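**Student:** Got a predicted model here, sequence first, then my questions.
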Amino acid sequence: MVGSAESTPVAVGPPAHERIDRLATALSRPRVRDIVVFIVFFLLTALWFHRLMLHMGSAVLSGPNDESYGIRQYWGAEYLGKNPFTEHRDTLNGAPEGLSVSSAVQIANFIIPAAIWGLHWLVGFTAAANVFLLGGFVLTGFSMYLLLVRLGLHPLAGIYGGYALAFNPWMIERAYAGHGGFMQAWVFPLLVASLLWLHRRRSVVSAVVVGLMFAVSFYESSYYGLLATLVISVFLLVDFAQQANWRERLWSFSLADVMIITALVAFIPALIAWRGDRHAVAASISNPLQDLQNLGASPQSYILPAVRHPVLGGITTHFYPDAANKWSENTLFQGWTLIILGIVGAILVARRHPASRQTPTQRFFLVCMTFLAPAAFVFSLKRETNFFGITLPMPSYLVGELTTFWRVFARFGLLVTFALASLAALALSRWLRHHRYGAAIWVCAMALLVFEYYAGVAPIYSFSETPYSAWIAKQPPGIVANYPMPTDSPVPLHLLALTYYQQIFNHHPQYMLFGSGYGGTREDAIRILTRYITDPVTPSILKAEHVKYILLHDDAYREQSQPPPAVPAGFHLVARIAGNVRALELDKDVVPADLPTVLSQNAASIAAVEGLQAPSVSLVGKTTPIRVAGEDWRLLHDRVVVRLSNVNPAIGAVQLIIRASSPGVARTLELSDAHGVVLAKATVNTRTTQVLFGPVALDAKSPSFVLSVEPAGPLRLAQVYPQPLANLTHSILDD
């Protein structure tokens, strides 16, 4: 037995150093190394979002958010027999009228709906949206790595740059907000790669490729198209400056023309769709100028850590206590080490260090990145930014004078990260190749970047059928109204988002409107009047709107420190669901409201809820200022023109509220339009009288009216106030 055991051969593998050598040899092959790095970025994404990856088909990040909204929208299109590019009205949302859906927006951002709609046939809508979102991290990091390595930088430096671009705090915040489109930042490395090809080849074909990539950036996101415009501008300007003579510069102009024409031709389907959906275009380009101020970046947002950081977040909240609520778009923390390394890289470029000019293409790229970083920083700032006590207009100020379509200029901060990551990779590449402790420096830099960008365990929001949704699903078809409805509290907004998503399970139309683009409409006004279940007018309006089921979410009332209301008159209880929700129905004897009359009677209160400001008033004509009991009055003898300015288009009419008195004898105050047509008359007594003229329609941007006195004589005017009335003529059904 001993002899036979000793004679049995034993398999012996190659020595450890040989296995290491084989691994090193394999990794020295670009294709093998690229596959390994792709797997690395996949694993990094899985590590960041491991909780979501375990629930890809039933949860989203930190929801309800825009991702859950999109999932429900795609499901609704399929349920109604449409797709994102053919659906024009969602009759399940804001029933019975339904909310218009802009197919033009879907076509203009083609990549997002096309990817999710295509994937949903394999994995379902929720998993498709999550695959699209998380896949963006993998592709962004990997494409950045490929760009840097193909330009001659060290592979480890490429991994560092890819991580900085893919997992920076702004990208994480956009992921939590459900903006899957913004995760596709791979468009920028690919765009730059095409620009480098154009710089090297200077051919019409290369210009066409750049134009196509330019169009792709717009099809991915209109904001990424705007950012791509700056990237292209910087590269073309540097290319123009580097040409040896004017003949070459003229050719550069010609190539730029080819690029722009190609992009326009490629974007023709979106332009046609936008032209055919004028309402969507109008809604998109009419953002208030104040948004350019509120949604712009501040210099400190680049150096203050993300508030989600479990260790460093307190630094930001110490200086800005509301940062957790207001800094989502302003979460532009670059990481202190990235900023330092980026500055080192910029110095190497400025000094023309050999590491920054291994090839002409690499040199051109690094010079462009050096210019792109400050340019993007300036473009990201608020419309008017204060520097050392001096307020200066930023580029967004000029853009805002042309269009307010783009309003979140803080998003240019992503390009600052892109440029700094490229320059930091240069510095690391130099140390990795020429410094004794280069590998240790890279490990420290990578560890610090991971720590600075850490945002804790990614929260997920799981979606499952709720008890009240299961109850509704078993009921005959009918419109459902959920209370409390949205007011100023975030709790009803959360409830609205939840009930909107729950339609996937119960298939019942929802009375409340969820989305955008319906403000200032007749349907929005109807829902303003039914915000509170206890209002006397609510039952009759709900009856007129064919609402069948009313759900009182008692837990939502309690969450906002309100006692759940008793069952109001006009309703009766039909079920208690899981102890937290009461299901009501309208009494049979409730008479449907005459909606036109009710809306007209409440136009002033609707305007107040909509936040419509009264127009400015000026009196043009001969009046004499006087003081009456310490108050400023004006003495009117004959007639005066009442001119209104700063009229909000959402105001359909005004009520002129006039406080006046007629010394000695009562007189008649007459209101006429600019053409002399008498609109109204009222008697003003010797005592102070409040006169109400209206509603008076506003037909021009600066309408004017004439006030005249009969018989002519002194009449005291204390106040002329144009109370705004909501415009009830525009309907969702008109879109």
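**Tutor:** Right, received. Where do you want to start?

**Student:** CA atoms for contacts and neighbours, from now on please.
**Tutor:** Will do.

**Student:** and whichever strand or helix holds residue 706, how far from the chain's centre?
**Tutor:** Residue 706 is part of strand 704-710 when elements are defined by DSSP states H and E. Remark: strand 704-710 is offset 47 Å from the chain centroid, using CA atoms, centre = their mean, to the nearest Å.

**Student:** Determine the set of other helices and strands touching it.
**Tutor:** Under the contact criterion of 3 or more CA pairs under 8 Å, 6 or more residues apart in numbering; DSSP states H and E, strand 704-710 touches strand 639-645, strand 667-673.

**Student:** Which among those is found nearest to residue 727?
**Tutor:** Evaluated with CA to CA, these place strand 639-645 nearest to residue 727, the distance being 16.8 Å.

**Student:** Partner strands of the closest one, with direction?
**Tutor:** Strand 639-645 sits in its sheet next to strand 616-620 (antiparallel), strand 704-710 (antiparallel), going by DSSP bridges.

**Student:** So which of these is the most surrounded?
**Tutor:** Among the strands paired with strand 639-645, strand 704-710 has the highest mean neighbour count (mean count of other CA atoms under 10 Å), at a mean of 20.

**Student:** Report the rounded mean pLDDT for that one.
**Tutor:** Averaging pLDDT along strand 704-710 gives 88.

**Student:** excluding its backbone neighbours, what's nearest residue 711?
**Tutor:** Of all residues not flanking residue 711 in the chain, residue 667 sits nearest, at 6.4 Å (CA to CA, 6 or more residues apart in numbering).

**Student:** For the one you found, give me its contacts.
**Tutor:** Contacts here follow CA atoms under 8 Å, 6 or more residues apart in numbering; on that basis residue 667 touches 683, 684, 685, 709, 710, 711, 715.

**Student:** Residue 145 too?
**Tutor:** By CA under 8 Å, 6+ apart, the residues touching residue 145 are 155, 158, 159, 160, 161, 162.

**Student:** want to try a markdown table for those, with secondary structure as columns?
**Tutor:** Below are those laid out as a markdown table (DSSP: H, G, I helix; E, B strand; the rest coil):
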| residue | secondary structure |
| --- | --- |
| 155 | helix |
| 158 | helix |
| 159 | helix |
| 160 | helix |
| 161 | helix |
| 162 | helix |
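
**Student:** picking that back up, export the strand holding residue 706 as CSV, just CAs?
**Tutor:** Taking C-alpha atoms only, strand 704-710 is exported to CSV below (Å, rounded to 0.1, in the frame of the first residue of the first chain):
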residue,chain,number,x,y,z
SER,A,704,-56.0,100.4,-21.1
PHE,A,705,-59.5,101.6,-19.9
VAL,A,706,-61.1,104.9,-19.4
LEU,A,707,-62.7,106.0,-16.2
SER,A,708,-65.1,109.0,-16.5
VAL,A,709,-67.4,110.9,-14.1
GLU,A,710,-71.0,111.9,-14.8
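
**Student:** ok, back up a step: please produce CSV containing the helices and strands packed on strand 704-710, extended by mean pLDDT and distance to residue 118.
**Tutor:** CSV is the format used below for these (pLDDT from 0 to 100; distance: least, CA to CA, whole Å):
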stretch, mean pLDDT, distance to residue 118
strand 639-645, 87, 51
strand 667-673, 88, 58
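
**Student:** Buried deepest among those, which one?
**Tutor:** Highest mean neighbour count among the helices and strands packed on strand 704-710 (mean count of other CA under 10 Å): strand 667-673, with a mean of 20.

**Student:** Can you name the element that comes right after the helix or strand hosting residue 33?
**Tutor:** Applying DSSP H and E as the criterion places residue 33 in helix 30-48. Following helix 30-48 in sequence order, the next helix or strand is helix 50-53 (DSSP H and E).

**Student:** Which strands or helices does that following helix pack on?
**Tutor:** If you count contacts as 3+ CA pairs under 8 Å, 6+ apart, helix 50-53 packs onto strand 59-61.

**Student:** Can you tell me which helices and strands the strand it packs on packs against?
**Tutor:** Contacts defined by 3+ CA pairs under 8 Å, 6+ apart place strand 59-61 against helix 50-53, helix 125-150, strand 460-462.

**Student:** picking that back up, which one of the helices and strands packed on strand 704-710 lies closest to residue 50?
**Tutor:** Closest to residue 50 of the helices and strands packed on strand 704-710 is strand 639-645 (CA to CA; 56.5 Å).

**Student:** gap between the closest one and the chain center?
**Tutor:** The answer for strand 639-645 is 41 Å, by CA atoms, centre = their mean.

**Student:** can you check stretch 484-495 too?
**Tutor:** Taking CA atoms, centre = their mean, one finds stretch 484-495 lying 20 Å from the centre of the chain it belongs to.

**Student:** Quick one: mean pLDDT for that stretch?
**Tutor:** Summarised as a single mean, pLDDT over stretch 484-495 is 88.

**Student:** residues touching the spatially most central residue of the chain, list them.
**Tutor:** Nearest to the mean C-alpha position of the chain, by CA atoms, centre = their mean, lies residue 408 at 7.7 Å. Residue 408 sits next to 291, 292, 295, 296, 329 when contact means CA under 8 Å, 6+ apart.

**Student:** Looking at those, which is nearest residue 353?
**Tutor:** Closest to residue 353, out of all of those and judged by CA to CA, is residue 296, at 35.5 Å.

**Student:** The nearest residue to the closest one once chain neighbours are set aside: neighbour count?
**Tutor:** Spatial nearest neighbour of residue 296, excluding adjacent residues (CA to CA, 6+ apart): residue 382 at 3.9 Å. Applying other CA atoms under 10 Å, we find 28 residues neighbouring residue 382.

**Student:** Identify the residues contacting residue 382.
**Tutor:** Neighbouring residues of residue 382 by CA under 8 Å, 6+ apart: 292, 293, 294, 295, 296, 297, 298, 394, 396, 409, 410.

**Student:** got any ranges where the chain has weak pLDDT?
**Tutor:** In the predicted model of the chain, residues 1-28, 278-287, 700-701, 735 satisfy pLDDT under 70.

**Student:** Take the contacts of residue 408 and keep only those in helices.
**Tutor:** By the criterion of DSSP state H, membership of the contacts of residue 408 in helices covers 291, 292.

**Student:** Arrange the contacts of residue 408 in CSV, one row each, with neighbour count and distance to residue 218 as further columns.
**Tutor:** As requested, the contacts of residue 408 are exported to CSV (neighbours: other CA atoms under 10 Å; distance: CA to CA, whole Å):
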residue, neighbour count, distance to residue 218
291, 17, 22
292, 25, 20
295, 22, 21
296, 26, 21
329, 22, 20
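
**Student:** Show me which of the contacts of residue 408 is closest to residue 239.
**Tutor:** Comparing these against residue 239 with CA to CA picks out residue 296 as the nearest, at 29.6 Å.

**Student:** Break down the stretch 301-450 of the chain into its strands, ranges please.
**Tutor:** Assigned by DSSP state E, counting those that start in this stretch, the stretch 301-450 of the chain shows strands spanning 384-387, 390-393.

**Student:** Using neighbour counts, pick out the buried residues of the first one.
**Tutor:** Residues 384, 385 are the ones in strand 384-387 that count as buried (16 or more other CA atoms under 10 Å).

**Student:** Give the other helices and strands that it contacts.
**Tutor:** Counting by 3+ CA pairs under 8 Å, 6+ apart, strand 384-387 packs on strand 390-393.

**Student:** Note down every partner strand of the strand it packs on and its orientation.
**Tutor:** So strand 390-393, judged by DSSP bridges, has these partners: strand 384-387 (antiparallel).
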